[in-house]
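Trainee: need the 3D shape of this:
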Amino acid sequence: MSEFRRECESSFYRELYHVEGKNQRILLNAVTGRQYLEKTLDVYDIRVYEYLRTHRDIHIPAVESYTERDGKLVVLEDYVNGETLTAYLARGIPDAERRRIVLELCDALTFLHSAAPPIIHRDLKTDNVIITPEGVVKLIDYDAATVFDPTKSADTVLMGTPGAAAPEQYGFARSDARTDIYALGVLIRQLLPQDKNYLAAADRATRMDPDDRWSSAEEMKQALCGAQQKDGKQVVLKKLLKKKRFWIAASAVVVCVLFFSVLKESGKILEKTFERNAFSVSENAESVTEADNKEKQSSANPAIREKIKNEVDAYEAFVDEYCSFMKSYKNGDNTANMLSSYTEIMKKYNDWLKKINLLKTDLSPDELIYYNEAMLRCIKRLNEVN
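Mentor: Numbering: from 1, shown residues only. As a prediction, this is how the structure comes out:
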C-alpha cells in the first residue's frame, strides 16, 4: 500500500479508545460508521492476514487491511463486540449452549484449515473466543497463527498458551491442523466436564501423537453430532417408553375396571341363572318344604340316580369355588391371575350347564326335589357374596 493511499485512508478513521499495553486502538470509520480494531504486531505471519483479507467467514473477524511498517504489521480488522468465553462461562450457561459453542468452533477451525495451505491458529483458548450479543461465536487473535509448512520438521518459534498448547508447539514436531484440535479438546474439558460423549472426543483430540487425534475439525464435529443424535434418540426413546408404560398401566386399569364390572354383573346373571335352573321351586313349594323336613332321607334316597347326584355335587362345588373367588376379590386380591381364575370358573359353569340341561328333562319327582333343594342353597350362598 502506498504512503499516499495509507494517509488518505487513515483520514477516514478517528480513535474511540486506546487499549493500554497492547498496541491496539478501536477506531471509527467516519464514512461508514463501522468500528474497527487496529493492532500492531511484532510477531506475525503475513500470509495469514493475506488470506483472511480475501476470505470471509462468520466465525472469523474480517480483515479490512494490513500494512508492514518498520518490521511490524499493522492490521485493521472488524471490531467484535461481545464478551469473552471466559466471562460468558462465569455467568453460568446451560450445557446445550456449551455444546453449540464447541460445534461452532469446529466450523471456525474447518474454515481456517481449509485454506491452501492450512492456517493454524495455535492459541485456541477461552480468552480468544468472543460471543457476540447475537450469540455468534468468533475466534479472534491471530498473533500466534501461522500457515502450515510441510518442509519443517518442528516448530522453531514456540507459540501458544501453556496448558492448551499441543506438545508439537514445544518443538517436538511441526504444527498442523491437529494442533488446533488438541487445543479444542482441552477447551471441551473446561466447558463440559460431565458430558461423557464430548469428553471421549476430547480424550482423542488431546492424544500425544497427532496421528492418534481426529484428522480434522469436521471429522470431530461429525462424531460429536452423531453422539448428540444418538443421545437425543435415547431421550426420545425413554420418553416413549415412559409414555408406553403409562398407557400400559392405564390400559391395565381400564381392563381391571371392565373385568371387575363384568364380574359383578356376571355374579348377578349367575344368580338369576341359578334361580331359573331351580325351576318349579315356587310351584313345588310344598314338596320343597317336605324335602327340608326330610333332608337326610332325600339325600340318601336310592331313587336319586347317581349321575344326578354327581352333577348337583359338581354344581355346588362350582358355587363354592365362585364364592371363594368373590371373597378374595372383596378382600383386595386384584392380582393379574384373577382374570384367568374367573375364566376357569366360568368354563366349569358352562360345562356343567350343558350337562344339566340334558338331565333336567328326565328328572323323577324325587330327583326334582333333590335338585331344587340344591338350587335354593346355591342362591342363598350367592346372595351372601354378591
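
Trainee: wait, is L28 part of a strand?
Mentor: Yes: assessed by DSSP: H, G, I helix; E, B strand; the rest coil, L28 belongs to a strand.

Trainee: beta partners for it?
Mentor: Counting by DSSP bridges, L28 is bridged to R14, Q35.

Trainee: isn't it up against Y17?
Mentor: No: applying Cβ atoms under 8 Å as the test, L28 and Y17 come out as separate, 9.7 Å apart. The C-beta positions use only the backbone N, C-alpha and C, and glycine is treated the same way.

Trainee: tell me where the stretch 51-200 of the chain has helices.
Mentor: For the stretch 51-200 of the chain, the helices defined by DSSP state H, counting those that start in this stretch occupy 85-90, 95-113, 177-191, 196-205.

Trainee: so which bits of the third one are buried?
Mentor: Residues 177-188, 191 are the ones in helix 177-191 that count as buried (16 or more other Cβ atoms under 10 Å).

Trainee: what of the shortest one?
Mentor: Applying a neighbour-count criterion of 16+ other Cβ under 10 Å, one finds 85, 88-89 buried in helix 85-90.

Trainee: tell me the pLDDT of the closest residue to K138 other than its chain neighbours.
Mentor: Spatial nearest neighbour of K138, excluding adjacent residues (Cβ to Cβ, 6 or more residues apart in numbering): I130 at 4.3 Å. As predicted, I130 sits at a pLDDT of 98.

Trainee: give the contact list for I130.
Mentor: Listed by Cβ atoms under 8 Å, 6 or more residues apart in numbering, the contact set of I130 reads 80, 82-85, 137-138, 140.

Trainee: narrow those residues to those in strands?
Mentor: Residues of the contacts of I130 located in strands (DSSP state E): 83-84, 137-138.

Trainee: which single one of the buried residues of helix 85-90 is nearest to A166?
Mentor: Distance to A166 across those (Cβ to Cβ) is lowest for L85, with 19.3 Å.

Trainee: right, and that closest one touches I101 too?
Mentor: Yes: with contact defined as Cβ under 8 Å, L85 reaches I101; the gap is 6.9 Å.

Trainee: need the residues touching each of the two.
Mentor: Shared contacts of L85 and I101 (Cβ under 8 Å, 6+ apart): 129, 131.

Trainee: redo the buried residues of helix 85-90 as CSV? Include pLDDT and distance to G171.
Mentor: Putting those into CSV (pLDDT from 0 to 100; distance: Cβ to Cβ, whole Å) gives the following:
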residue, pLDDT, distance to G171
L85, 97, 28
Y88, 96, 33
L89, 96, 31
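
Trainee: rewinding a little: which stretch among the helices of the stretch 51-200 of the chain comes nearest G21?
Mentor: Ranking these by proximity to G21 (Cβ to Cβ) places helix 85-90 first, at 18.4 Å.

Trainee: L28 and Y17 - which one has more neighbours?
Mentor: In this view L28 and Y17 are compared by other Cβ atoms under 10 Å, and L28 has more residues nearby, 17 against 13.

Trainee: follow-up on the earlier one: name the nearest of the buried residues of helix 85-90 relative to A173.
Mentor: L85 (27.7 Å).

Trainee: now do M208 against L184, distance only.
Mentor: According to Cβ to Cβ, to the nearest Å, M208 and L184 sit 16 Å apart.

Trainee: sorry, back to before: could I get the helices of the stretch 51-200 of the chain as a markdown table with distance to Q229?
Mentor: Formatted as a markdown table, the helices of the stretch 51-200 of the chain follow (distance: least, Cβ to Cβ, whole Å):
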| stretch | distance to Q229 |
| --- | --- |
| helix 85-90 | 25 |
| helix 95-113 | 12 |
| helix 177-191 | 18 |
| helix 196-205 | 11 |
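
Trainee: you'd agree V129 is up against D123?
Mentor: No: shown here, V129 and D123 do not form a contact pair, counting by Cβ under 8 Å, at 10.8 Å.
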